[in-house]
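Colleague: Requesting a structural model of the entry that follows:
(chains A and B)
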Amino acid sequence: MSFSPVGVYEWTPQEAQRHHLITQTLSQGFEDHGFHAVRNPVIDELHSLSPGLDDSLRSSLIYIHHQGHTPRILRPDHTTPIARMVATRLRDQLPLKLYYMAPIFRHPSNDWDAIEQFQAGCEWIGPDDRAADWDILHLCLSQLHRIGLTQLAVDIGHVDFLSPYSDQDKQALLQGDYVSLGTLPQRGGMALAAPIPELGALLTQVQASKWAPNVSIFTGLVPTLSYYTGFVFSVMAPGFRSPIATGGRYDGLMSRFGLACPAVGFAIHLNEMIEQP
Amino acid sequence: MTVTIAVAKGYLLDQTIPIMARAHIQFDTTELSSRRLFIEDQSGHYRLLQVRPWDVPVYVAMGAADVGIVGHDVLLEHEVSVLRLLNMGLGACRLVIASPMNRAIPRLFHGIKIATKYPQATAHYCREQGIKAQLIKLYGAIELAPLTGLSDVISDLTATGNTLAENGLSIMETIYHSTAFLIANPTQFRLKDAAIRTLIGLLAPLCPPPPSPHDLP
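Modeller: Next up, the predicted model:
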């Protein structure tokens, strides 16, 4: 007998239906909040996306063999090609609220992770006012709620949580090696957020919302990609081994494609939700 | 809230159980020695999974266990995304390259054949030393390899050096020192933050300080 490969997905009608229900609900939710669907190429060119690709992403790229001279890759994320699209074709239409709902492809770092990773995400390009930080976090949590995920546990971190550390300790923190770091990052509330005024302001908004009990500040949550410039967040839930959504502010990405411009966004990671019986 | 702990069977489990007992995490000794795959402590706050050392990071990374206790050597060889919370100082040992005493191999050389259970760390070390080595992955009785001509030298863990000496092997170089680490699944560390920090608070004062390299054989 011959099966479809492990790490990619084929769906029977029943499985396709489950995926369709989730994505339809999310699309509707994103559109209700003024976001517009975009599409990125599945196959891309390395040199074209290169400005936005950090080493961590580069090491998981999937290359396609072909005759030409330009290395081609399967799209490893959505945020980078969206940044390119905005910088090249939409720069006179800012601010933009864009969303996508399609898989990305990466070499898995563990045997059990998939190559094909379904994502639904929003990118809000243009707003530099920090109110957008709360709006995007709130949108993410409320959409997760709409697809039936109610027991959310949210960590909020910040790029500035890295700043007290040496390069070596930064690496330890990013890798979750708290033994080498010599200290256990803290979870808490305003006492941890307050030293970073914009984070304090964000937490104030969180605490005035119904999400207050779900959210904590975690000094161990720092961005793994270098274009993140502000807050980052990670949403977890019982029964899921990996975060079900991640996001944050990435004012450093657009300029790599020639358009200096703030941005904030998130991605919902759908694989584990689709796999659940 | 129950915290599930995967512990590497063998000497690490044997050293961990008394420390847990002193922290008032009591497991029934007859249950421990039975073939039951998981057991609960008397308080019901902790559940213990006795698994193979190499399986501990997998259980934790997949979230089947919230935390794990496993040698740093295993984590260095088998990179998975887990949090390293505490150096427990237990099970101190080092990964060494050892050669037969009756064959004078003063140093690593190009093309040297090294039998090991630890090909990743050994290959990494050789690259750093500028040596192209041929790694031969074995699953046990590593000491036999150079004695039978399977390899020139071995790379293996040693605590006292006794087993190496008994097999006519002497230590050439140390690749790294290792002790047992408490590791956690990142999601479980969020969902059970207080319970896992409580566990760290109970265990940390009872763990021996990690030995300094000078104290090791």
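
Colleague: near chain A at all, the strand with the most length in chain B?
Modeller: Taking DSSP state E as the criterion, chain B has its longest strand at strand B:169-178. No. Applying C-beta under 8 Å from any C-beta of the partner chain, one finds strand B:169-178 out of contact with chain A, separated by at least 11.8 Å. Just so you know, the C-beta spots here come from the backbone N, C-alpha and C atoms, and that holds for glycine as well.

Colleague: How far does that strand sit from its chain's centre?
Modeller: Its chain's C-alpha centre and that of strand B:169-178 lie 15 Å apart, by C-alpha atoms, centre = their mean, to the nearest Å.

Colleague: Just the residues contacting whichever helix or strand comes after it, thanks.
Modeller: Later in the chain than strand B:169-178, the nearest helix or strand by DSSP states H and E is strand B:180-184. Residues outside strand B:180-184 that contact it (C-beta atoms under 8 Å, 6 or more residues apart in numbering or on different chains) are A:179, B:8, B:12, B:15-16, B:56-57, B:60, B:66-72, B:75, B:82-91, B:196, B:199-200, B:203.

Colleague: by contact count, what packs against the next helix or strand after strand B:180-184?
Modeller: Once the chain leaves strand B:180-184, the next helix or strand it forms, by DSSP H and E, is helix B:186-191. The helices and strands touching helix B:186-191, judged by 3 or more C-beta pairs under 8 Å, 6 or more residues apart in numbering or on different chains; DSSP states H and E, are strand A:153-158, strand A:231-236, strand B:83-87.

Colleague: in the stretch 51-200 of chain A, which spans are helices?
Modeller: Taking DSSP state H, counting those that start in this stretch as the test, the helices found in the stretch 51-200 of chain A are A:55-58, A:79-89, A:131-146, A:167-174, A:178-181, A:190-193, A:197-207.

Colleague: Of those, which is nearest B:Gly149?
Modeller: The minimum distance between B:Gly149 and the helices of the stretch 51-200 of chain A falls on helix A:178-181, with 40.0 Å, by C-beta to C-beta.

Colleague: A:His33 contacts A:Ile136, correct?
Modeller: No. With contact defined as C-beta atoms under 8 Å, A:His33 does not count as touching A:Ile136 (9.6 Å).

Colleague: So what touches the lowest-mean-pLDDT helix or strand in chain B?
Modeller: Lowest by mean pLDDT, DSSP states H and E among the helices and strands of chain B is helix B:29-33, with a mean of 80. Applying C-beta under 8 Å, 6+ apart, the set of residues contacting helix B:29-33 from outside is B:17, B:39, B:48, B:50.

Colleague: wait, what's in contact with the first one?
Modeller: To tie it back to what came earlier, the one meant is B:Ile17. Counting by C-beta under 8 Å, 6+ apart, B:Ile17 has contacts B:27, B:32.

Colleague: where does it land on pLDDT?
Modeller: B:Ile17 carries a pLDDT score of 93 in this model.

Colleague: what kind of secondary structure is it in?
Modeller: Assigned by DSSP: H, G, I helix; E, B strand; the rest coil, the conformation of B:Ile17 is helix.

Colleague: Likewise for the second one?
Modeller: For B:Ile39, the secondary structure call by three-state DSSP comes out as strand.

Colleague: Hmm, it is touching B:Gln26, no?
Modeller: No. Between B:Ile39 and B:Gln26 there is no contact under C-beta under 8 Å: 10.8 Å.

Colleague: Which stretches in chain B count as helices?
Modeller: Assigned by DSSP state H, the helices in chain B fall at B:11-22, B:29-33, B:56-61, B:72-77, B:119-128, B:144-147, B:162-166, B:186-191, B:193-203.

Colleague: The last one and chain A in contact?
Modeller: Yes. Helix B:193-203 is in contact with chain A by C-beta under 8 Å from any C-beta, via B:193, B:197, B:200.

Colleague: Could you check the pLDDT of the most centrally placed residue in chain B?
Modeller: The geometric centre of chain B, computed from its C-alpha atoms, lies nearest to B:Gly71 (C-alpha atoms, centre = their mean), at 2.2 Å. Looking at B:Gly71, its pLDDT reads 95.
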